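Student: all I have is the shape, not the residue letters:
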């Protein structure tokens, strides 16, 4: 029999016992499950980054995977534990917008508020709901407990959602923002490949005619890969998650372009080079 898979994503880091304790709770309830760490290095309290990285990653996992995603600056408040079954997978998170992109991406039947405390730990703290509430819920779902037993159905209008679709045409330009900076300092933007292709088609442009403006820097052309430019040069390219990215061959684009500027304050603009 195939083992049930639970995927964890948090902002807990790896230097403390939090992640290990959460895994212990899961294994006590569902000892036969497998657990994968997607990441525990989401920047502290950064719900948007968690939403983005879940959105990029989930399609690479098999059916019936349970995603337990906790970035929870409102822990202990009246925010609710919620979840859905979508794309034949389960997604569990605080009601703080973390599931916004998944909810926008898929058609699903019901949204649940997991309010049945019979499926929590017997003693719950005010500051570690991932251990006391979310991990037990995930483990019970992995064991096959029906969502209707763990919670009640609620309307989409009742939950917190935010809009991360920040790619749009402004005049004759295509505007975007920075979604996040990866470990190598590559800048992942909100401009997706479909929007980029539509923009080029509209203006009859090819990749060599596009230039990118970001924080007073200009990058000409859209490259295919890092080896298209010399070591130390900036480039714009379509990354592995089909988003426009900005990098430096063998270097750090964030350090080069942004410096001390907060990336969420930086706008990106694509234009067609006039020839």
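Tutor: Right, received. Where do you want to start? These figures come from a predicted structure and were not determined experimentally. Numbering: from 1, shown residues only.

Student: which parts of the stretch 151-275 of the chain are helices?
Tutor: Ranges of helices in the stretch 151-275 of the chain, per DSSP state H, counting those that start in this stretch, are 193-202, 253.

Student: make JSON lines out of these and add distance to residue 178 and mean neighbour count.
Tutor: (Glycine included, C-beta is placed from N, CA and C.) Shown next, in JSON lines, are the helices of the stretch 151-275 of the chain (distance: least, Cβ to Cβ, whole Å; neighbours: other Cβ atoms under 10 Å):
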{"stretch": "helix 193-202", "distance to residue 178": "15", "mean neighbour count": "15"}
{"stretch": "helix 253", "distance to residue 178": "11", "mean neighbour count": "24"}
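
Student: state the distance from residue 159 to residue 117.
Tutor: For residue 159, the distance to residue 117 equals 20 Å [Cβ to Cβ, to the nearest Å].

Student: next: residue 168.
Tutor: In terms of Cβ to Cβ, residue 168 sits 44 Å off from residue 117.

Student: just put the helices of the stretch 151-275 of the chain in a markdown table and tack on distance to residue 228 and mean pLDDT.
Tutor: Converted to a markdown table, the helices of the stretch 151-275 of the chain look like this (distance: least, Cβ to Cβ, whole Å; pLDDT from 0 to 100):
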| stretch | distance to residue 228 | mean pLDDT |
| --- | --- | --- |
| helix 193-202 | 16 | 95 |
| helix 253 | 15 | 97 |
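
Student: residues of stretch 13-31 that come out buried?
Tutor: Of all the residues in stretch 13-31, those buried under the rule 16 or more other Cβ atoms under 10 Å are 18, 19, 22, 23, 25, 26, 29, 30.

Student: now, which of the residues you listed sits nearest residue 100?
Tutor: residue 22 (23.0 Å; Cβ to Cβ).

Student: what's around residue 136, how many residues?
Tutor: 24 (other Cβ atoms under 10 Å).

Student: SS state for it?
Tutor: Here residue 136 is recorded as helix under DSSP: H, G, I helix; E, B strand; the rest coil.

Student: touching, it and residue 27? I think so.
Tutor: No: assessed by Cβ atoms under 8 Å, residue 136 is found out of contact with residue 27, at 11.5 Å.

Student: if we can go back for a sec, now the helices of the stretch 151-275 of the chain as a markdown table including distance to residue 142?
Tutor: Shown next, in a markdown table, are the helices of the stretch 151-275 of the chain (distance: least, Cβ to Cβ, whole Å):
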| stretch | distance to residue 142 |
| --- | --- |
| helix 193-202 | 34 |
| helix 253 | 39 |
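
Student: that concludes my questions; thank you for your assistance.
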